[in-house]
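S.K.: Mind looking at a prediction? Sequence and model below.
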Amino acid sequence: MKSLPLFRNRRGLLAWLPSLALFGLLLLAPRAHAAAAAAPVVDKGDVAWMLTSTLLVLLMTVPGLALFYGGLVRAKNVLSILIQVMTVFSLIVVLWVFYGYSLAFGSGNAVIGNFGKLFLHGVTKDSLANTFTSAVKLPEYVFIAFQSTFAGITGALIVGSFAERMRFGAVLLFSALWFTFAYLPIAHMVWGPGGFLAGLGVLDFAGGTVVHINAGVAGLVGAYLVGPRVGLGHEPMKPHNLTFTMIGAALLWVGWFGFNAGSNLEANAGAALAFLNTLLATAAAVLAWVLIEGVHKGKSSMLGCASGAVAGLVGITPACGTVGPMGALAIGALASVCCVWGVSGLKKILRADDALDVFGVHGIGGITGALLTGVFTAASLGGTGAADFSIVHQLGIQALGIGITLLWSGTVSLLAYLLVHALFGLRVGHDAEREGLDITSHGESAYEE
Amino acid sequence: MKSLPLFRNRRGLLAWLPSLALFGLLLLAPRAHAAAAAAPVVDKGDVAWMLTSTLLVLLMTVPGLALFYGGLVRAKNVLSILIQVMTVFSLIVVLWVFYGYSLAFGSGNAVIGNFGKLFLHGVTKDSLANTFTSAVKLPEYVFIAFQSTFAGITGALIVGSFAERMRFGAVLLFSALWFTFAYLPIAHMVWGPGGFLAGLGVLDFAGGTVVHINAGVAGLVGAYLVGPRVGLGHEPMKPHNLTFTMIGAALLWVGWFGFNAGSNLEANAGAALAFLNTLLATAAAVLAWVLIEGVHKGKSSMLGCASGAVAGLVGITPACGTVGPMGALAIGALASVCCVWGVSGLKKILRADDALDVFGVHGIGGITGALLTGVFTAASLGGTGAADFSIVHQLGIQALGIGITLLWSGTVSLLAYLLVHALFGLRVGHDAEREGLDITSHGESAYEE
Amino acid sequence: MKSLPLFRNRRGLLAWLPSLALFGLLLLAPRAHAAAAAAPVVDKGDVAWMLTSTLLVLLMTVPGLALFYGGLVRAKNVLSILIQVMTVFSLIVVLWVFYGYSLAFGSGNAVIGNFGKLFLHGVTKDSLANTFTSAVKLPEYVFIAFQSTFAGITGALIVGSFAERMRFGAVLLFSALWFTFAYLPIAHMVWGPGGFLAGLGVLDFAGGTVVHINAGVAGLVGAYLVGPRVGLGHEPMKPHNLTFTMIGAALLWVGWFGFNAGSNLEANAGAALAFLNTLLATAAAVLAWVLIEGVHKGKSSMLGCASGAVAGLVGITPACGTVGPMGALAIGALASVCCVWGVSGLKKILRADDALDVFGVHGIGGITGALLTGVFTAASLGGTGAADFSIVHQLGIQALGIGITLLWSGTVSLLAYLLVHALFGLRVGHDAEREGLDITSHGESAYEE
Amino acid sequence: MKLISCIIRPHKLDDVREALTIAGVSGITVSEVHGFGRQKGHTELYRGAEYVVDFLPKLKLEVVVEDSLLETTLEAVQQSAKTGAIGDGKIFVSTVDTAIRIRTGELDADAL
Amino acid sequence: MKLISCIIRPHKLDDVREALTIAGVSGITVSEVHGFGRQKGHTELYRGAEYVVDFLPKLKLEVVVEDSLLETTLEAVQQSAKTGAIGDGKIFVSTVDTAIRIRTGELDADAL
Amino acid sequence: MKLISCIIRPHKLDDVREALTIAGVSGITVSEVHGFGRQKGHTELYRGAEYVVDFLPKLKLEVVVEDSLLETTLEAVQQSAKTGAIGDGKIFVSTVDTAIRIRTGELDADAL
Ligand SMILES: Nc1ncnc2c1ncn2[C@@H]1O[C@H](COP(=O)(O)OP(=O)(O)O)[C@@H](O)[C@H]1O
Ligand SMILES: Nc1ncnc2c1ncn2[C@@H]1O[C@H](COP(=O)(O)OP(=O)(O)O)[C@@H](O)[C@H]1O
Ligand SMILES: Nc1ncnc2c1ncn2[C@@H]1O[C@H](COP(=O)(O)OP(=O)(O)O)[C@@H](O)[C@H]1O
């Protein structure tokens, strides 16, 4: 989503002064003026689309992401992934209505919001939230629900990095800490009223920075701190069910339309553009990954095809509202190229056991997308950028946004992991890991033998 | 859904008399008046949302419920569950347009509708159905389709109780009987024009009574009458694929937004409230179940997490339109607490082999939710209840509604099972049950060996 | 979809001349007239529904169709099916925006469109597409995205015929050829401006001809040319995971509402009728298949239940917008009857190894539906046909449409397969087929052993 | 030492394990197998295609015992695995030359 | 009595079963196994991670026959399981001391 | 010839295979089995229902070797499969009368 005008009232108030004065003068014909100036409209088409979009983001998380990840781990750990994804999502959604929404979207300073809407204080059925079209509003409950799922899925993305070895309680505690000190400020900076990064002009339509880079770096730090899985490199750790992974990838694709086109907040041509771009970038990314593997290794894999889809989706996320369809194809294909490197070349360099390639796909894909948004938004490349849009300038801004996110989220993650480690320990025991988290942490096994 | 104003015309007509008189007087300015009074509006946003909601309820049933149940049975019986869920749903949907819709929503007496719309007689593309806002209408086809899926999923819920042992033909015959003599009257009493329970003031926004308590008790009676599974207690009967169960639970969550927010019949702030409540109650219920298991047994299970989600969804169903977000969190958490007891403590007391805990989750969760609706609807607790809302009074009404449903559905179920037993027998043979219903009843097996 | 008025301007322009003249005369009161005549309206409810419909068609393809097919093959070939479905879909979507859209929906001649919108040239956020209601428009991006998924799923349907033995590269090349020379012309002839078959009066609301018959015959020709699977008749080739097949069938059902009711292009009573018809036909088809198997073979199978659902969906596709609910029930049931024969009796006659019965279900179901559309559209049978609608006459037209599609698609398929065979070969080697395509073509296996 | 291989019905596993434990057997190794014999299989039908399935799911239990325990063990299995219907399965006994416990290197009787 | 253990290719099961039936064998027990031998495996690649898979899917058939039937049975398996390519598998023969039919308690030859 | 049956921990497969290859063994057949012994199992809980799982996943390796290779092979397995904790498994040795390579019909030592 673009920086949200929801509480953007401070300077706005000044801008309204002339109108208000005029309003005084026109008190003789008040009704006509009020109608012309501001009468907020809630369109049921928007509500229908935003409710649908919200449930699509839930669909992305459970069962989508849960299956995408769950299929990739060994059979003895699949339930641990499923419960982590579902519980982290649930936890964050609850924290969201407790304090998250207020801190992310309340008007505070450039870095964080305020405590005005703790526990949704003051929000009622009649409360309205802004969209990007002035006078077009949404019931605030819709906006709260939509945004809660963004926070929820971001937390859930991280668990892929330290999969198959982290303690369940540690996952939950880390998630709460990271959500509070990394997600909320960065969301505020990018989307909140008066947010620092929004002020700089960072383009991030649907959350490439806030969601993907943010989660990617948190995962990477976790992979380092939690350490590699027992037996890595000696024992086979092949995915236990790639059909599940494919279902997951497909549901991510389907649900991502809510994520991306929903971020437009209205069911209009803007949503349609974001929608088409999301479709095309993913298709191009699938073809690109399949082609690269086919050329390089002689065989194209289904896992590559599924990974390509996710890479394309991540890549187009920040760009989907501002680039054109041909730009979307390019971004999708290039995101695949970069992520292929992210999960192979770069992975070998980093030497972290980022088990399910959260950084390789979401981190790298997110960075690629954020940068390319600064390129393909240019009108000359089919984008919707204004006449004075400068690619070089925008690239600088995008890079700054990426850098700040990497730094902020990386630092918070580091401290959060260390704290959790000090309090309870991050990892399960060696034998428990061998036997599998399903039985040792959750007391059950996924499949009848 | 709240009691539907669709055919609520009898007393309404009297109330309209003054208007009609006025109308006669105002014939000189007919256009202005007509516009103000009644011009029915169909909003495409409502249609979009209600079509989406309808397919979401289908998604809840197949693949949602089918997988939730299917994963919980042994591998030799999974196909029998899948075919039962899909066929019962199909059967009821067809009976719905034959006579169900007319009997449930036709204006008859306080207990049942009429035969006026048998085979959808008289319904055309131009027919309109009421919403809760006067003058806002839906194409009647939308309302018929939406309601048909409610009836369908309710029938499908029951099969979980007598899973793994009942004859396929018996399942179908029982479902038809139960639909006709239990579902239709109770739906009419709660939602139909002039319905008895609606008249009492029972609050049941989306079907806690009609769907969940109703199905739960039918299942429980079935579990008693059909008897326990062969080998129960001696042989392991662990779920054959908990990943499928998790997919099912997740799709139930996703689809339930159609069920709950769709019951608002319009895409407005009311739907948004129901939506947010459904999201929050489920998240809270997931956390509660996970926490209870963690504290009591030292380990939180994925099946607990998934069961918590369903418990929360069931619990919030009657309440989602009238309580506030914090009330929803409380209801979700409490539904989990009660259902944990329902599937363990109570189950041991009841000693029925309710194989997939239909009563333990849908019955108990439904009762919990119905009662708490009478609590958290109070404005003092964040709900939307009127100033004169009395918790004690409403609790009495809710309890009456629950009691009548338990009694009615229980009696009809008992008679229906006995009739089917007398005609064809309820159970498959001992050896067939041992070998598994997939091969013996359906001539196929789910998995390549 | 009915023939689309999108570019239907040539004769239309003449028809507008009088209006235009009148317009000149009325210049004195221009505003009133403009409002009455043409002001194009984009309704957000339509946009919401069409975006939802588009993602539903994606859901049908991945994971829907992929799982429906994937569960039916042996475990050693499941990934090959999944990657084929996903890659073919992606390829066609990309080709669609390159030249497909322009050739299908550009106004060219009666057989094919033009090159005016190559690479979506000239399409912007402000471009509008027509619906079936004059003056009601959609953002053109919505229409492009919606239609791209139709093309994509049609190509993906075909792979079921030559499953488990065709080379991956050959699948892709064939798909591109077939899309270009069979899908595009037939789509243009049925739905495009000035299309030949539309001109004849062929009724095909949502694509029975363009999608299902078209894909069915391409599959059948493929099954002949690629030859039977190694070991057919000697070795067991039972489905490796019928639960996946059921998930797939269920998601096809859910997604098909986007396909059928989305083809109405507006969220109004027309969509509601198509929706209800799709629900009912499928329910009837499920019951019919289950009943036929139960009576003929003594056992009703889950695969039959799932196949019935697909048969019903295919059957109702061309009819869903013009028949009544009781007609839909009849069409669903009859489609099941014909498809039971298609996958057993006819299959034995044809002696082609159409591995997943693409012709038996989509071909036969499509033909059945196309013919019955000519019957149940009659007002006397509850349909929406005009007073002068003649069943006999319409049946002739429908048969002509079917015949032309069979011939055209069959011929193009034949040539395309032969070309691919000459260039690269169609089949993998004997040993590779034995070992399974997953390992030999894609270098991976679906399940941890 | 003797190796006792028993082919039994899957649902009898718990009964047999219990009987064996009482008989004094210290370890069992179980494999899932499919058996073909007098017990008839069934026919499966997938749309048009019919498969005759002759192989039925069984479990194979392998127990190595000292010679002295042989009789009791055989008796225990026979009692606990029997239903009296065709397909109850077989017991095959053969001779084991050596047994080693990997953990300790103990041999033969000590290894069991 | 002899226990004949045959490691064969999975797709040969039906042929072998038929040949064994003709040879007069009354029962077979089959297990899914993975074999390592001369036949080379393959490499699987999951994103960046490569696994060398040396173990190939095979079936193990176990048949207990009277000594008199040994030759015919061995012949039947060899004929029916052979493709001539590396990986066709092995037959191992060993001695069984006792056979018992659980259902009836019949012994040895009567138990087969 | 001797048949060496080894029950080992699943994650030791690669180590054991390597050790066997070095020891000169030319083929191995592996089955997934479940073992019951001293090593304690665990309890699983599914909503209200509790299951005690005594059987733990193990692998059974079967290797047929010439008598001359027996000692080295046993040594190799013991070394590579050992962790020192309860549940490392067992090795059972028995005698094989005949071995046949299906592909060629070669016998005994030549067949291995
Ligand atoms: N000769 C044999 N060799 C190996 N296994 C056998 C033999 N005969 C029977 N079996 C195994 O014993 C099982 C039961 O045998 P079956 O003939 O069906 O019934 P019963 O044991 O009652 O005679 C078979 O499924 C098969 O696994
Ligand atoms: N010495 C052995 N001990 C046990 N099993 C063996 C032995 N040698 C081979 N096998 C089994 O036989 C199978 C086939 O052996 P392989 O060497 O691949 O081909 P071939 O049988 O044609 O010589 C192997 O996969 C393995 O299961
Ligand atoms: N008497 C026996 N017969 C057959 N298998 C046995 C026997 N004893 C043990 N096993 C197998 O060996 C495995 C390991 O045995 P266990 O007693 O748990 O530990 P350890 O091998 O360290 O003594 C068991 O799981 C079982 O599969």
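M.R.: Perfect, thanks for sending it. Ligands and ions are numbered 1, 2, ... in the order given.

S.K.: Residue of chain D nearest chain A, please.
M.R.: As assessed by Cβ to the nearest Cβ, chain A sits closest to residue D:32 within chain D, at 7.8 Å. The way it works is simple: take the backbone N, C-alpha and C, and place the C-beta from them, glycine included.

S.K.: Make sure that residue is indeed in a helix.
M.R.: No - applying DSSP: H, G, I helix; E, B strand; the rest coil, one finds residue D:32 to be strand, outside a helix.

S.K.: contacting residues around it?
M.R.: Residue D:32 makes contact with A:449, D:57, D:59, D:60, E:31, E:32, F:32, according to Cβ atoms under 8 Å, 6 or more residues apart in numbering or on different chains.

S.K.: Stretch A:232-246 and chain E, are they touching?
M.R.: Yes - if you take Cβ under 8 Å from any Cβ of the partner chain as the test, stretch A:232-246 does meet chain E, through A:236, A:237, A:238, A:239.

S.K.: May I see those organised as CSV, with pLDDT added?
M.R.: CSV is the format used below for the residues of stretch A:232-246 next to chain E (pLDDT from 0 to 100):
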residue, pLDDT
A:236, 87
A:237, 93
A:238, 95
A:239, 97
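
S.K.: before we move on, back to that, rank the contacts of residue D:32 by pLDDT and give me only the lowest.
M.R.: For these, the weakest pLDDT value sits at residue A:449, with 74.

S.K.: roughly how far apart are that residue and residue D:59?
M.R.: Distance, residue A:449 to residue D:59, by Cβ to Cβ, to the nearest Å: 11 Å.

S.K.: So between these two, which is more surrounded?
M.R.: Using other Cβ atoms under 10 Å in any protein chain shown, the more surrounded residue of residue A:449 and residue D:59 is residue D:59, with 21 against 14.

S.K.: give me every residue that touches that one.
M.R.: So residue D:59 contacts D:7, D:8, D:9, D:10, D:12, D:13, D:30, D:31, D:32, D:33 (Cβ under 8 Å, 6+ apart).

S.K.: which of the residues you listed count as buried?
M.R.: Buried by 16 or more other Cβ atoms under 10 Å in any protein chain shown: D:7, D:8, D:9, D:12, D:13, D:30, D:31, D:32, D:33, out of those.

S.K.: ok, of the residues you listed, which one's closest to chain C?
M.R.: Of all the buried ones among the contacts of residue D:59, residue D:32 has the smallest distance to chain C: 13.2 Å, by Cβ to the nearest Cβ.

S.K.: hmm, stretch D:15-29 touching ligand 3?
M.R.: Yes - on the criterion Cβ under 6 Å from any ligand atom, stretch D:15-29 is in touch with ligand 3 at D:26, D:27, D:28, D:29.

S.K.: State the distance from residue A:136 to residue B:266.
M.R.: Using Cβ to Cβ, one gets 18 Å for the distance from residue A:136 to residue B:266.

S.K.: more neighbours, the two?
M.R.: Neighbours per residue, other Cβ under 10 Å: of residue A:136 and residue B:266, the larger number sits with residue B:266, 22 against 18.

S.K.: List the buried residues in the lowest-mean-pLDDT helix or strand in chain D.
M.R.: In chain D, the helix or strand scored least confidently by mean pLDDT, DSSP states H and E is strand D:49-53, which has a mean of 90. Neighbour-count burial for strand D:49-53 flags D:49, D:51 (criterion: 16+ other Cβ under 10 Å).

S.K.: Show me what the closest residue to ligand 2 within chain D is bridged to.
M.R.: Nearest residue of chain D to ligand 2: residue D:31, at 15.1 Å (Cβ to the nearest ligand atom). Residue D:31 has these beta-bridge partners by DSSP bridges: residue D:60.

S.K.: What distance do you get for it to ligand 3?
M.R.: 10 Å (Cβ to the nearest ligand atom, to the nearest Å).
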